[in-house]
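Asker: the following block contains a protein sequence and its predicted model.
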Amino acid sequence: METIPELHEVEFLNGYEELPATAPVDHARIIHLPTFMPADGEFRSNIKLQDAIVTMLYNISPTTLEAFMNAPTVPGSFRLVQENTDGSSDDKLLLIRKSDYVMVGRFRELSIPAGEVYEFDHLARLSIANDGRWKLLHAVYRTYFRRDWDLVWSGFSVSAGEELDRDTILEPKEEERMAYGVNLAEHMMVNKLWDASHSITIIE
């Protein structure tokens, strides 16, 4: 009989007025970092993808979080790219917000016979309602795009060849979509993507 990992509940901060610690679970909340525990098979966390997103932004700087929160009220969009500087990994993280829609994904740059592409291991799209509720709209695994952020945002993926396309999952089941979101959240928290000594933040 499969053992269900014990739930470890993190605590949240009241570090930003619009993101109270007491908000419902479908809202974004800033995680109190000392209470975070990575999932290891014995424990599972109660954090959501939106929690990891705002926690990363807040710990980069409160002004970065402010820019993200204000994105619907200013022309253009919010775009952030995180990349390692210590050479330990070629993984990068993309976060885009346009109006009340958010895209976040873990990717790397590849050169393949079809051209220069981004390979996303996990890519998720979310919406934010006027009352602050977040909803995971879609998530995919191992998807390829030409190196153009507008094409990535629009979802115009490309074939990377039979061998690479074999692992692509464009229409995952609901439980798989939720798992992709959890994986992204864990990646952001475990690797401390707000740590400026290990990554570069580019906001365009």
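Answerer: All right, it came through fine.

Asker: could you use CA atoms for every contact and neighbour count after this?
Answerer: Fine.

Asker: for the closest residue to Lys92 other than its chain neighbours, give the beta-bridge partners.
Answerer: Take Lys92 and drop its neighbours on the chain: the residue closest to it by C-alpha to C-alpha, 6 or more residues apart in numbering is Glu83, 4.6 Å away. Assessed by DSSP bridges, Glu83 has beta-bridge partners Lys92, Ile200.

Asker: and Glu83, how many neighbours does it have?
Answerer: For Glu83, the tally of surrounding residues (other C-alpha atoms under 10 Å) stands at 21.

Asker: and if you look at Arg177?
Answerer: 21.

Asker: now it. Nearest residue, chain neighbours left out?
Answerer: Ala139 (5.2 Å).

Asker: so how far is Gly161 from Arg146?
Answerer: 13 Å (C-alpha to C-alpha, to the nearest Å).

Asker: neighbour-wise, which of the two wins?
Answerer: The neighbour comparison of Arg146 against Gly161 (other C-alpha under 10 Å) goes to Arg146, with 21 against 11.

Asker: ok, now which ones touch that one?
Answerer: 115-118, 152, 157-158 (C-alpha atoms under 8 Å, 6 or more residues apart in numbering).

Asker: any of these buried? List them.
Answerer: Using 16 or more other C-alpha atoms under 10 Å as the burial test, the contacts of Arg146 include 116-118, 152, 157 as buried.

Asker: pull the distance from stretch 61-70 to the chain's centre.
Answerer: When distances are taken as C-alpha atoms, centre = their mean, to the nearest Å, stretch 61-70 is centred 16 Å away from the chain's centroid.

Asker: what's the burial count for Gly15?
Answerer: Gly15 has 16 nearby residues by other C-alpha under 10 Å.

Asker: and for it, nearest residue in space, chain neighbours not counted?
Answerer: Ile30 (7.2 Å).

Asker: burial count for that neighbour?
Answerer: Per other C-alpha under 10 Å, the neighbour tally for Ile30 reads 25.

Asker: quick check: buried residues in stretch 65-81?
Answerer: Result for stretch 65-81 [16+ other C-alpha under 10 Å]: buried residues 65, 67-69, 71-72, 77-81.

Asker: what's the end-to-end length of it?
Answerer: So stretch 65-81: terminal residues 14 Å apart, C-alpha to C-alpha.

Asker: again with stretch 54-67
Answerer: For stretch 54-67, the end-to-end distance is 11 Å (C-alpha to C-alpha).

Asker: any idea of the mean pLDDT in stretch 63-77?
Answerer: Mean pLDDT, computed over stretch 63-77, is 85.

Asker: again with stretch 174-186
Answerer: 84.

Asker: flag the shaky bits of this protein, pLDDT-wise.
Answerer: Low-confidence segments of the chain (pLDDT under 70): 1-7, 40-44, 75, 86-88, 162-172, 196-204.
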